[in-house]
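A.B. asks: Below are the sequence and a predicted model; questions follow.
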Amino acid sequence: MMGRHLKDADGLPLEVIDPGRINKDAGPDFFNAKIKINGTVWIGNVEIHLKASDWFRHRHDSDPAYENIILHVVAVSDRRITRPDGSLIPQVSLTLPPDFFSLYDRLASNPAYLRCSHFISELSPLTVTDWLETLAIERMQLKSRKVSDILNFTGNDWEQTCFIVLARALGFGLNGDPFEMLARSIPLKILHHHSDNPLQLQALLFGQAAMLDQSLHIFDEFYQLLCREYYFLARKYGLSPLRPGLWKYSRTRPQNFPHRRIAFLAKACEGGFSLLSRLVENIREGRDVRPLFNWILEGYWHTHSSFDADARSSSDTLSAASISLLIINAVVPLVYTFAQHRGEYETAEKAVALLENLPPENNGIIREWGAYGLKSGDAMRSQALIQLRREYCEQRKCLYCRFGHFFLRKAAAGSSFL
């Protein structure tokens, strides 16, 4: 789009020797670029804006990360930018056709609506496949970093980390945050001490979830028993529950209420929580991991979806779709990260390969992409499409998306997509 031989805003000859490395996180757009201006070689970072004045709108003037900018590339040169010492930052203006600006506005103005949807048919299958494969890897790395953050929180305790990641996954998006907060609020060693007592496990988890109040459900004997057990155990271990009101129930079927998910989490702790070691062993040996999630709710939760709420028609086990989601969102990132930390790269590859053997997710994002012609045949592809939506479309990073970049290049070359 730019070419290598340009002139800067002062008319000096400018050669792009190396454009540098694109930055997909916060900070300048390109790192470690190498340019030559009027015979002098500069090495540093490059920032790109539509308008030069966006430098101030984005508050780069007060951000130390932008002090080493050697080139400012703009489409509209409405002002010059200076460094903290007052020296001018070299600036290059691109000459672009009007269609480019119109297309960019359409792509980035409203991320709630996929502005490129009408252009997707213009993409070659190779372009689509190559970008989606990259996005799938990006999403795995993103999830792996989150697992590593939790590992740091637990003091490198892998089973506690697994417990937290599993709990969040049991929230299935809507209640992911409160489930993670719940799992972080109670040391796994306390649950281990009571792993042979299902009642106390449930009391600890429901109590920490701020779901137990002795003044409520006074005629529900099981609920009152949980209250008494929790009050005793909370005093013994110095536990404090989450703040009330965190749990969400909107558009949720009774069998998917957080109460039942917490009951499943308690089931996972019976006999001692050692899920990660079993997951790693199964994946190393090429065995199916799904049987590890065949928890069966019994007793009170056989007939209830929440306290005092009858639910005799509810399933006592997790559905096949729910188990697939747990594998996608908990098992694969956990085992991948564990194996990477241990240098067991074959095990890490086996973990990622699970996604290719799972059905794609069925949610609004996947259905939306499907309506525009991007179908998902497996979970690897659906994860890529979620990454595209969340990290590019919703963040308005059309310039960093290969699809958006393709359309913008065509527009810059004079092809109309409007």
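C.D. replies: Sure thing, it's come through.
A.B. asks: what about the stretch 301-418 of the chain, any weak spots by pLDDT?
C.D. replies: 311-314, 411-418 (pLDDT under 70).
A.B. asks: Can you tell me how far Thr95 is from Val76?
C.D. replies: From Thr95 across to Val76, the span is 11 Å (Cβ to Cβ, to the nearest Å). Yep, even glycine has a C-beta here, placed from its N, CA and C like the rest.
A.B. asks: These two: who's more crowded?
C.D. replies: Val76 (15 against 7; other Cβ atoms under 10 Å).
A.B. asks: Pretty sure that one sits against Leu50.
C.D. replies: Yes: counting by Cβ atoms under 8 Å, Leu50 is a contact partner of Val76 at 6.3 Å.
A.B. asks: helix or strand right after the helix or strand bottoming out on mean pLDDT in the chain?
C.D. replies: For the chain, using mean pLDDT, DSSP states H and E, the weakest element among its helices and strands is helix 98-108, scoring a mean of 59. Of the helices and strands lying after helix 98-108 in sequence (DSSP states H and E), the nearest is helix 125-153.
A.B. asks: Give me the buried positions along that following helix.
C.D. replies: The neighbour-count check on helix 125-153 (16 or more other Cβ atoms under 10 Å) flags 128, 131-132, 135-136, 138-140, 143-144, 147, 150-151 as buried.
A.B. asks: Quick check: the two most widely separated of these?
C.D. replies: Spatial extent of these (Cβ to Cβ) is set by the pair Val128 and Leu151 at 34.6 Å.
A.B. asks: Identify all contacting residues around stretch 15-28.
C.D. replies: 2-6, 29-36, 41, 45-47, 65-66, 68-69, 397, 400 (Cβ atoms under 8 Å, 6 or more residues apart in numbering).
A.B. asks: related to what we said a few turns ago, columns distance to Ile323 and pLDDT on top of the buried residues of helix 125-153, output as a markdown table?
C.D. replies: Shown next, in a markdown table, are those (distance: Cβ to Cβ, whole Å; pLDDT from 0 to 100):
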| residue | distance to Ile323 | pLDDT |
| --- | --- | --- |
| Val128 | 29 | 94 |
| Trp131 | 29 | 95 |
| Leu132 | 25 | 96 |
| Leu135 | 24 | 97 |
| Ala136 | 21 | 96 |
| Glu138 | 25 | 95 |
| Arg139 | 20 | 97 |
| Met140 | 19 | 97 |
| Lys143 | 18 | 97 |
| Ser144 | 21 | 97 |
| Val147 | 19 | 98 |
| Ile150 | 22 | 97 |
| Leu151 | 24 | 98 |
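A.B. asks: would you turn those residues into CSV with distance to Leu334?
C.D. replies: As requested, the buried residues of helix 125-153 are exported to CSV (distance: Cβ to Cβ, whole Å):
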residue, distance to Leu334
Val128, 29
Trp131, 26
Leu132, 23
Leu135, 21
Ala136, 17
Glu138, 18
Arg139, 15
Met140, 12
Lys143, 9
Ser144, 9
Val147, 6
Ile150, 10
Leu151, 10
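A.B. asks: Nearest to Leu358 among these?
C.D. replies: Checking the buried residues of helix 125-153 against Leu358 by Cβ to Cβ gives Ala136 as the nearest, at 12.6 Å.
A.B. asks: okay but that closest one is in contact with Leu355, surely?
C.D. replies: Yes: Ala136 is in contact with Leu355 according to Cβ under 8 Å; the separation is 7.5 Å.
A.B. asks: hey, what's in contact with both of the two?
C.D. replies: Taking Cβ under 8 Å, 6+ apart as the contact rule, Ala136 and Leu355 both touch 380, 383.
A.B. asks: Could you pull out the helices in the stretch 151-300 of the chain for me?
C.D. replies: 158-170, 176-184, 188-193, 198-208, 221-237, 258-269, 275-285 (DSSP state H, counting those that start in this stretch).
A.B. asks: Quick one, which of those gets closest to Phe56.
C.D. replies: Relative to Phe56, the nearest member of the helices of the stretch 151-300 of the chain by Cβ to Cβ is helix 176-184, separated by 34.9 Å.
A.B. asks: From the contacts of stretch 15-28, list the buried ones, please.
C.D. replies: Here, 16+ other Cβ under 10 Å leaves 6, 29-30, 33, 35, 45-47, 66, 69 buried among the contacts of stretch 15-28.
A.B. asks: Pull the most distant pair out of those.
C.D. replies: Maximum pairwise distance in the buried ones among the contacts of stretch 15-28, criterion Cβ to Cβ, is 21.1 Å, between Leu6 and Tyr66.
A.B. asks: For the nearest residue to Val41 once chain neighbours are set aside, name its beta-bridge partners.
C.D. replies: Nearest in space to Val41, with sequence neighbours left out and distances taken as Cβ to Cβ, 6 or more residues apart in numbering, is Lys34 at 6.7 Å. Counting by DSSP bridges, Lys34 is bridged to Asp18, Ile43.
A.B. asks: what residues are up against Lys34?
C.D. replies: So Lys34 contacts 17-18, 20, 41-43 (Cβ under 8 Å, 6+ apart).
A.B. asks: at 6 Å instead, please
C.D. replies: 17-18, 43 (Cβ atoms under 6 Å, 6 or more residues apart in numbering).
A.B. asks: next one: His217
C.D. replies: Taking Cβ under 6 Å, 6+ apart, one finds 223, 307-308 in contact with His217.
A.B. asks: Check Ile366 too.
C.D. replies: Counting by Cβ under 6 Å, 6+ apart, Ile366 makes contact with 376, 382.
A.B. asks: Spatially nearest residue to Arg38, not counting backbone neighbours?
C.D. replies: Not Arg; residue 38 is Asn. Closest residue to Asn38 apart from its sequence neighbours, by Cβ to Cβ, 6+ apart: Leu12 at 4.3 Å.
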